[in-house]
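S.K.: Fold the following.
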Amino acid sequence: MKLLLVHNDYRQPGGETVVYRNEAALLRRYGHHVYVWQRDNAEIDTYNLRQKAFFLINTVYNWQDFRYLHALVGDKRPDVAHVHNVFPLMSPSVYRALRKLGIPIVQTVHNYRFLCPNALFYTHGQICERCKHGNTIHAVRWRCYRESYTLSALYALTISLHRRWGTFKMIDRFIVLTEFTAQKLVESGLTTADKITVLGNFLPDPLPAPGSFEHREPYIVYLGRLSPEKGVHVLLDALADVPEVTLKIVGDGPQKEALQQTVQKRGLRADFLGYLAGEKKLEILRQATAVIVPSVWYETFSVAALESMATGTPVVASDIGALPFVVEDGKSGVLFRAGDSQDLQRKLAWLLAHPQKALAMGYYARRVVEQRYSASAHYNALMEIYNSVIKG
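M.R.: Coordinates of the predicted model:
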């Protein structure tokens, strides 16, 4: 099978870039011809004034990429085009180029960009679904994207116009990471349930070695970006009443300095380890009692939760967005009310007081990853999706 993968990378690598790269490697491993059309937002840093002016226009509709992709597809003739992200450099013109040549289109939905200009359903410290049904003017009023009227208006216009033009209707199959995102897509009217397939993220082979199922160290881990929607402040509030445990914070982001000040001011036992990757990150996870995912926005999956479960470490997560579909309460981890530091404190205290149950949850979490989120399981599901859109 010949496949075209399409992805617009961000300045800061996120979960979707990891998944995109892993899928490309997986498909090549199984012998498929994989062609790639990829752009990187780092290009913007090299733009002159003229290019920056055209960037605003191209974000809405990039005719140059339309023509390039049209030529590439016409030459290679892939059986399926699998799109991960087209914003902002490629623009939704990608879908029209593919449709014009009759190439089936599969779109993985990594965030809420089709429904929300800032892609998060979260603005000014709270959940927001004002733009979900297509009236994106709210994003301009609230400066939802990077607190900028201009950038918010740019994304609002792009999404609104392409919804009106029916561009997103050209997508043959939406892959969503959990049922939660499927529900939001249907509620919005963007597509219908019969065009949606649920397929979560996966970890490439070989899976990381798990930690001990007999003993763990008395510390917990936060793994991820340090930004307001991730809810690290909720976790720090909870720690004030759980003095017997140390928190290791793995990650970086715009909130780092403020969080460090909070830790110092309150005298909390928290270590900022910065960004870690590979075995350094996995070794931290393998020895931990639990990993905390305290998000206050609608997470679409949480790669951090998946990596933690793979190491046999239970996850304590907020009961919001996709997290309850990834973490099974009382089985692979524990859920707490999103944004409620007191409920998180109670759940943490309970988990620390029942170490054997925590170990059992970690064992169960590892089995779930092996059975549901392995590379082979992901590949088989992808093939079913590709074959279904080829057959029409």
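S.K.: Please count neighbours and contacts with C-alpha atoms only from this point.
M.R.: OK.
S.K.: mind giving me the domain ranges of the protein?
M.R.: 2-203+374-391, 219-372 (automatic domain parsing).
S.K.: just the ones you listed: most buried one?
M.R.: domain 219-372 (a mean of 20; mean count of other Cα atoms under 10 Å).
S.K.: The helix or strand S160 falls within packs against which elements?
M.R.: Taking DSSP states H and E as the criterion, S160 maps to helix 149-165. Here helix 149-165 touches helix 49-60, helix 137-141, going by 3 or more Cα pairs under 8 Å, 6 or more residues apart in numbering; DSSP states H and E.
S.K.: so where's the chain shaky on pLDDT?
M.R.: 11-14 (pLDDT under 70).
S.K.: H84: what secondary structure?
M.R.: Secondary structure state of H84, per DSSP: H, G, I helix; E, B strand; the rest coil, is strand.
S.K.: Who are the contact partners of the nearest residue to T136 once chain neighbours are set aside?
M.R.: Excluding its sequence neighbours, the residue lying closest to T136 (Cα to Cα, 6 or more residues apart in numbering) is A156, at 5.1 Å. Residues near A156 by Cα atoms under 8 Å, 6 or more residues apart in numbering: C116, P117, T136, I137, A139, V140.
S.K.: quick one on the thing from earlier: closest to A209 out of the domains of the chain?
M.R.: With Cα to Cα as the criterion, A209 lies closest to domain 219-372 of these, at 6.2 Å.
S.K.: about what we covered before: report all helices and strands that the very next helix or strand once past the helix holding S160 contacts.
M.R.: Next helix or strand after helix 149-165 toward the C-terminus (DSSP H and E): strand 173-176. Judged by 3+ Cα pairs under 8 Å, 6+ apart, strand 173-176 is in contact with strand 105-109, strand 196-198.
S.K.: could I get the domains of the chain as a markdown table with distance to P210?
M.R.: Formatted as a markdown table, the domains of the chain follow (distance: least, Cα to Cα, whole Å):
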| stretch | distance to P210 |
| --- | --- |
| domain 2-203+374-391 | 13 |
| domain 219-372 | 4 |
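S.K.: Which among those domains is found nearest to S212?
M.R.: That would be domain 219-372 among the domains of the chain, by Cα to Cα, at 7.2 Å.
S.K.: Ends of that closest one, what's the gap?
M.R.: With Cα to Cα, to the nearest Å as the measure, domain 219-372 spans 28 Å from end to end.
S.K.: swap in stretch 234-253?
M.R.: Start-to-end span of stretch 234-253 (Cα to Cα) is 16 Å.
S.K.: which residues touch that stretch?
M.R.: Contacts of stretch 234-253 (Cα under 8 Å, 6+ apart): 218-227, 262-263, 266, 268-276, 281, 292, 294, 339-342, 344-345, 348-349.
S.K.: Just the ones of those in helices?
M.R.: Using DSSP state H, the subset of those located in helices is T262, V263, R266, K281, S341, Q342, L344, Q345, L348, A349.
S.K.: And the residue nearest to the fifth one when sequence neighbours are not counted, which helix or strand is it part of?
M.R.: Ranked by Cα to Cα, 6+ apart and with sequence neighbours excluded, the top spatial neighbour of S341 is A238, at 4.8 Å. The secondary structure element spanning A238 is helix 232-239 (assigned by DSSP H and E).
S.K.: cool, and L382?
M.R.: In the assignment (DSSP H and E), L382 maps to helix 375-391.
S.K.: Could you export that helix as PDB, CA atoms only?
M.R.: Taking Å, rounded to 0.1, in the frame of the first residue of the first chain, the C-alpha atoms of helix 375-391 are listed here in PDB:
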ATOM      1  CA  ALA A 375       2.400  -1.100  17.900                       C
ATOM      2  CA  SER A 376       0.900  -4.300  16.400                       C
ATOM      3  CA  ALA A 377      -2.600  -3.500  17.700                       C
ATOM      4  CA  HIS A 378      -2.300   0.000  16.300                       C
ATOM      5  CA  TYR A 379      -1.100  -1.200  12.900                       C
ATOM      6  CA  ASN A 380      -3.900  -3.700  12.600                       C
ATOM      7  CA  ALA A 381      -6.500  -1.000  13.400                       C
ATOM      8  CA  LEU A 382      -4.900   1.500  10.900                       C
ATOM      9  CA  MET A 383      -5.100  -1.100   8.100                       C
ATOM     10  CA  GLU A 384      -8.800  -1.600   8.800                       C
ATOM     11  CA  ILE A 385      -9.300   2.200   8.500                       C
ATOM     12  CA  TYR A 386      -7.300   2.600   5.400                       C
ATOM     13  CA  ASN A 387      -9.000  -0.400   3.600                       C
ATOM     14  CA  SER A 388     -12.400   0.900   4.500                       C
ATOM     15  CA  VAL A 389     -11.800   4.300   2.900                       C
ATOM     16  CA  ILE A 390     -10.200   2.800  -0.200                       C
ATOM     17  CA  LYS A 391     -13.300   0.600  -0.700                       C
END
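S.K.: Perfect, that will be all.
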